[in-house]
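> have a look; sequence and predicted model below, questions after that.
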Amino acid sequence: MTSQYSSGSASVLFLQHCHLLDPSPNVLRHSFRRVTMRLVIPRGMKCHWPKPLAAFFPLLSPLARLVFTAFLLIPQIKEANEIVRVLEISMISIRFLFVLISCLVFKICVSESDSLFYESFEESFEGRWIVSDKDEYKGVWKYSQSEGHEDYGLLVSEKAKKYAIVKELDEPVNLKDGTVVLQYEVRLQNGLECGGAYLKYLRPQEAGWKPKEFDNESPYSIMFGPDKCGSTNKVHFILKHKNPKTGEYVEHHLKYPPSVASDKLSHVYTAILKPDNELRILVDGEEKKKANFLSADNFEPPLIPAETIPDPDDKKPEDWDERAKIPDPNAIKPEDWDEDAPMEIEDEEAEKPEGWLDDEPEEIDDPEATKPEDWDDEEDGEWEAPKIDNPKCEAAPGCGEWKRPMKRNPAYKGKWHPALIDNPNYKGIWKPQQIPNPDYFELDGPDFEPVAAIGIEIWTMQDGILFDNILIASDEKVAESYREKSWKPKFEVEKAKVKAEEDAASASNSLAGFEKKVFDVLYRIADIPFLEAYKIKIIDVIEKGEKQPNLTIAILASILVVFTTIISRVIVGGKNPKPTPVAKVANETRNDGAAEATDNQGSSGEKEDGSEKEDAAAPRARRSRRET
């Protein structure tokens, strides 16, 4: 059956008639004509939308509206030719869906083409990355997970070793064509005190070179990444550039590069090489350094040499005087200038203090020292008693021979020198003449060598360095996308974990400080005189609490019970506890000593004196226990 609505009789697409495409239906109409030349729904046919669907319909995508409309028209079919039209609508929908999918695939392919090289280490590196077999590289590479993640990477597994590994690219990457982005992740899981974590982007090697021969001498185009040891702490960017005149390769170092992050989190390092000679260094997506390859202020040495250089054959004239000042030839030393006068002299006005013990030495042999029983004079030499400070000198102003103190000599002037005057023959600092630099050349931009392989050649004192997500791309957006998808989720998790650990440590330190204050208060409480009978037990409980801080609450509760019991006894009127025999003996001993010292003090005075001594002794006993 032939549809009565031919391409000539129909005026518009049903999509325009039903207002399916907002705000510009012309774009999709043009796409439909590319899919099919048959226009299937005339101007007069109405599209009836149920009210609930009318509100929902604008939220659909154009493609979803198309398919949805085709099926919604089926209940309105009344004639056989309308069935044909609906089928045609369905075919158009399928064709249009195919067009959109093709565009999506094309977009993906274009995005993938912007990624010139990518290594995610989703699979083991063995067989793809080649470990150097040079004897100096003893470090073992491992395929390992990043701590706290399921993500894998290339791990430096041993300390104080040299490492070398290389990956050849399928095709060399040209660094001269447009923008080039170099990016990779590295995590210093055990920190970095002395070592490198950089990559080398190798240029094509000489014929016959094998990856197993990779070492420090393998020529590279760019070296990029963290390096830290001693005073060195920077994110390297080194360009090996060929001098077009001499043919030699020269290392050009980026001046004032950013520092290496000092934490143990994953970080992503990005170098963006722009066709306008601009270089940008990003760390974690944030720009840390911007430079120009042709600027003498940004690289050392500059890529473009100086136009002139000092003449190596130029010699300084013999009569060239570089002295700006000279001694005054007319100056005469004053007659009263004594160059031999000392800087200090004895103070003649000083007098020896009264009571000075001239005949007493400042130190004497310890009278209480005895020769050890196992001392052998033949093997150990003659035994001499150790020296102690002379107790007689403590009360005297001094011992030994008295000497007058020294004071500054007012006549001291030092060695005489004539005054300096301007040199009439001064010609300035001599410099050789400038001549044209035979090695000078001009550049419109760096002559980058292509990258044929990526290598890691480092010497590090730390292990736990993890490399991941190595990327070479021709679009900054691609590198940004990889950062957002691959690096940022890991970084946020690691950062949150570190913060939680820091918060926990801070809380632990606060608790430890609180516990110390609590125990100090408890020791003071134990020194209260009316608790003397319980002092030993209380201190024993406190010391157990110090050994087991987790029992602090239980210790506090126990001491609270003891204090409550004691206070209740005092309030109720219970008898004072009987002193322990040790305290009693100490009390009697002190009282006896006081009675022998004087006959004028009464018994009450002796008791008070003994009590004060006993109280004074109590804190010493407490300190001894704490120190123990």
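Yes, it's here. Everything numeric here is computed off the predicted structure, so don't read it as measured data.
> give me the residues contacting the longest strand seen in the chain.
Across the chain, the longest stretch assigned as strand under DSSP state E is strand 161-173. Applying CB atoms under 8 Å, 6 or more residues apart in numbering, the contact partners of strand 161-173 are 116-117, 119, 125, 128-132, 134, 136-141, 154, 156, 180, 202, 204, 211, 214-215, 218, 450-460, 472. No exception for glycine: its C-beta is placed from N, CA and C like everyone else's.
> which ones among these map onto strands?
Of the positions in those, 116-117, 119, 130-131, 141, 154, 156, 180, 202, 451-460, 472 sit in strands, assigned by DSSP E.
> out of the helices and strands in the chain, which is least certain?
Lowest on mean pLDDT, DSSP states H and E among the helices and strands of the chain sits helix 14-17, with a mean of 38.
> burial count for Glu457?
Glu457 has 24 neighbouring residues, counting by other CB atoms under 10 Å.
> re the thing from before, buried residues in the longest strand of the chain?
By 16 or more other CB atoms under 10 Å, the buried positions in strand 161-173 come out as Lys161, Lys162, Tyr163, Ala164, Ile165, Val166, Lys167, Glu168, Leu169, Pro172, Val173.
> for stretch 171-187, same thing?
So stretch 171-187, judged by 16+ other CB under 10 Å, has buried residues Pro172, Val173, Leu175, Thr179, Val180, Val181, Leu182, Gln183, Tyr184, Glu185, Val186, Arg187.
> what's the answer for stretch 210-217, then?
Across stretch 210-217, burial judged by 16+ other CB under 10 Å covers Pro211, Glu213, Phe214, Asp215.
> now do that stretch: everything it contacts.
130-134, 136-137, 164-166, 168, 202, 453, 455, 457.
> for that stretch, output the C-alpha coordinates as CSV.
C-alpha atoms of stretch 210-217 as CSV (Å, rounded to 0.1, in the frame of the first residue of the first chain):
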residue,chain,number,x,y,z
LYS,A,210,67.6,-2.9,24.2
PRO,A,211,65.3,-2.0,27.0
LYS,A,212,67.2,-4.2,29.4
GLU,A,213,70.2,-1.9,28.9
PHE,A,214,68.3,1.1,30.3
ASP,A,215,70.4,3.1,32.8
ASN,A,216,71.4,6.6,33.8
GLU,A,217,73.2,7.2,30.5
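> average pLDDT across that stretch?
For stretch 210-217, the mean per-residue pLDDT is 95.
> which other helices and strands does the biggest helix by length in the chain contact?
The helix that spans the most residues within the chain, counting by DSSP state H, is helix 488-526. Helices and strands touching helix 488-526, by 3 or more CB pairs under 8 Å, 6 or more residues apart in numbering; DSSP states H and E, are strand 266-273, helix 535-547, helix 552-572, helix 603-627.
> poorly predicted segments of the stretch 401-550 of the chain, please.
Scanning the stretch 401-550 of the chain for pLDDT under 70 picks out the ranges 508, 510-513, 529-535, 546-550.
> can you list the domains in this structure?
As assigned by automatic domain parsing, the chain contains the domains 14-114, 120-308+445-495, 581-627.
> could you tell me the least trusted of the ones you listed?
Among those, domain 581-627 carries the lowest mean pLDDT (a mean of 42).
> so where do the helices sit in the stretch 301-450 of the chain?
All helices of the stretch 301-450 of the chain, identified by DSSP state H, counting those that start in this stretch, fall at 377-380, 391-395.
> so which of those is the most packed in?
helix 391-395 (a mean of 11; mean count of other CB atoms under 10 Å).
> avg pLDDT for that helix?
What helix 391-395 shows for mean pLDDT is 90.
> any idea how far Trp337 is from Ile281?
According to CB to CB, to the nearest Å, Ile281 stands 64 Å off from Trp337.
> equivalent analysis for Ile538, please.
Using CB to CB, Ile538 is found at 80 Å from Trp337.
> more neighbours, these two?
Each of Ile538 and Trp337 has its neighbours counted (other CB under 10 Å); Ile538 has more, 22 against 13.
> can you tell me the closest non-neighbouring residue to that one?
Leaving aside its chain neighbours, Ile538 sits nearest to Ala526 (4.5 Å; criterion: CB to CB, 6 or more residues apart in numbering).
> how about the contacts made by Glu206?
Glu206 touches nothing, counting by CB under 8 Å, 6+ apart.
> any idea how far it is from Ala164?
Here the criterion is CB to CB. By it, Glu206 lies 18 Å from Ala164.
> got it, and Asp215?
6 Å.
> tell me the secondary structure at the nearest residue to Gly285 once chain neighbours are set aside.
Closest residue in space to Gly285, ignoring its immediate chain neighbours: Arg483 at 5.3 Å, by CB to CB, 6+ apart. Applying DSSP: H, G, I helix; E, B strand; the rest coil to Arg483 yields a three-state assignment of helix.
> so Asp463: helix, strand or coil?
Asp463 - assigned by three-state DSSP - is coil.
> let's number from 56 now, not from 1
Got it, first residue is 56 now, which makes that one Asp518.
> chain neighbours aside, what residue packs nearest to it?
Nearest to Asp518 is Lys214, by CB to CB, 6+ apart, at 4.9 Å.
> repeat that for Asp282.
Asp282 sits nearest to Gly251 (CB to CB, 6+ apart), 4.6 Å away.
> go ahead and confirm the one you found touches Phe522.
No. Between Gly251 and Phe522 there is no contact under CB atoms under 8 Å: 11.6 Å.
> and the residue nearest to Asn332 when sequence neighbours are not counted, what does it touch?
In this structure, Asn332 finds its nearest non-sequential neighbour in Phe348, 4.6 Å apart by CB to CB, 6+ apart. Contact analysis of Phe348 by CB under 8 Å, 6+ apart lists Leu294, Asn332, Glu333, Leu334, Phe354, Leu358, Gly500, Pro501.
> about what we covered before: pull out the buried members of the ones in strands among the contacts of strand 216-228.
171-172, 174, 185-186, 196, 209, 211, 235, 257, 506-515, 527.
> fine by me, thanks again.
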